[in-house]
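Enquirer: below: sequence and its predicted model.
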Amino acid sequence: MTPHNEANLDDIAKNVLMPGDPKRAELIAKNYLTDAKLVNDVRGIKAFTGFYKDKRITVMASGMGMPSMGIYSYELFKNYDVDNIIRIGSCGSYSDDLHLLDIILIDKSYTEGNYALTLNNEDTHIIAASNFINDKIEETAKSINCKYKKGTVLCSEVFDAYMTDSSKLMKRVPKDIELIGSEMEAFALFYNAKLLGKNAACLLTVADDHCHGGVVTAEERENSLNTMIELALDTVLKL
């Protein structure tokens, strides 16, 4: 147990799916897992462990932002000896090739923030997902004919819709980095995995289309991400 997770060590599976929203974690557990058991509810951050096609898996919310993801993923890797985490979430798109509900597989995560510096005294701002899991995701996507776009995504400390002038942020991004989208958790997840010798990946569904316009509603965010969820679950079968 930790201050943020009341689960016993054997309550958490080696493979974890991490949506941001506790309600989405509960929805996945109810709709996709058999024999699902609630193993954590501290601060309303729900975690369920059950079986997907005979593979034991935990679905646990991360909350919003790098600090929240940083705490929960660190403890899963360090205290619960989790091997693999796949974040599944929503994002904004910065690419003309992307539209609402399209799927992104993050190759690298870029941040302006100092998560790595604060945690580990390492002044780094870009980090890759684990090739091990990404290769399995791409293999699975091909087998089920699931389309996706792979690329580098901004991990922001601020919800981009609230920025006073997001164009200034984009000008600060190094010129050799091409961002196709934005979210708020992946950098912390990837960095923790690297630090602790574990594996992490991130699948995203476009919920805010910054190029063509349009926003997915809160209800749609909760209920319309099935393709991404099923891709992640089917990937876990290969881990």
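Expert: Done, it's in.
Enquirer: end to end, how far does stretch 156-166 reach?
Expert: Terminal residues of stretch 156-166 lie 11 Å apart, using C-alpha to C-alpha, to the nearest Å.
Enquirer: for it, buried residues please.
Expert: Neighbour-count burial for stretch 156-166 flags 156, 160, 166 (criterion: 16 or more other C-beta atoms under 10 Å). Just so you know, the C-beta spots here come from the backbone N, C-alpha and C atoms, and that holds for glycine as well.
Enquirer: same deal with stretch 57-76?
Expert: 57-63, 65-66, 68-76.
Enquirer: spatially central, which residue of this structure would that be?
Expert: The structure's the chain has its C-alpha centroid closest to residue 87; by C-alpha atoms, centre = their mean the separation is 2.3 Å.
Enquirer: residue 186 is in contact with that one, correct?
Expert: Yes: taking contacts as C-beta atoms under 8 Å, residue 87 lies within contact range of residue 186: 6.1 Å.
Enquirer: overlap in contacts, these two.
Expert: 69, 202 (C-beta atoms under 8 Å, 6 or more residues apart in numbering).
Enquirer: what's the weakest-modelled helix or strand in this structure?
Expert: Among the helical and strand segments of the chain, the one scoring lowest on mean pLDDT, DSSP states H and E is helix 218-223, with a mean of 64.
Enquirer: which residues are contacting whichever helix or strand comes after it?
Expert: Later in the chain than helix 218-223, the nearest helix or strand by DSSP states H and E is helix 226-236. With C-beta under 8 Å, 6+ apart as the test, helix 226-236 has contacts from 15, 17, 28, 32, 52, 55, 57, 84, 86, 88, 101, 103, 133, 136-137, 140-141, 144, 146, 148, 203-205.
Enquirer: what's near enough to touch the closest residue to residue 30 other than its chain neighbours?
Expert: Excluding its sequence neighbours, the residue lying closest to residue 30 (C-beta to C-beta, 6 or more residues apart in numbering) is residue 36, at 7.0 Å. Residue 36 makes contact with 29, 30, 48, 49, 50, according to C-beta under 8 Å, 6+ apart.
Enquirer: my read: the last one touches residue 34, true?
Expert: Yes: because the distance of 5.8 Å satisfies C-beta under 8 Å, residue 50 is recorded as touching residue 34.
Enquirer: residue 117: helix or strand, and which one exactly?
Expert: Using DSSP H and E, residue 117 sits within helix 115-120.
Enquirer: can you tell me how far the residue nearest to residue 30 is from residue 226?
Expert: For residue 36, the distance to residue 226 equals 17 Å [C-beta to C-beta, to the nearest Å].
Enquirer: ok, residue 87 next?
Expert: 17 Å.
Enquirer: residue 91: what's it in contact with?
Expert: 104, 153, 181, 182, 183, 204, 205, 206, 207, 208.
Enquirer: go with 7 Å
Expert: By C-beta atoms under 7 Å, 6 or more residues apart in numbering, the contact set of residue 91 is 104, 153, 181, 182, 183, 204, 206, 207.
Enquirer: quick check, the fourth one in a strand?
Expert: Yes: for residue 182, which was evaluated using DSSP: H, G, I helix; E, B strand; the rest coil, the result is membership in a strand.
Enquirer: which parts of this structure are strands?
Expert: For the chain, strands defined by DSSP state E occupy the ranges 15-19, 34-40, 47-52, 55-60, 84-93, 103-110, 126-128, 149-155, 179-183, 199-209.
Enquirer: walk me through which strands the fourth one pairs with, and which way each runs.
Expert: Strand 55-60 has the following sheet partners, assigned by DSSP bridges: strand 15-19 (parallel), strand 47-52 (antiparallel).
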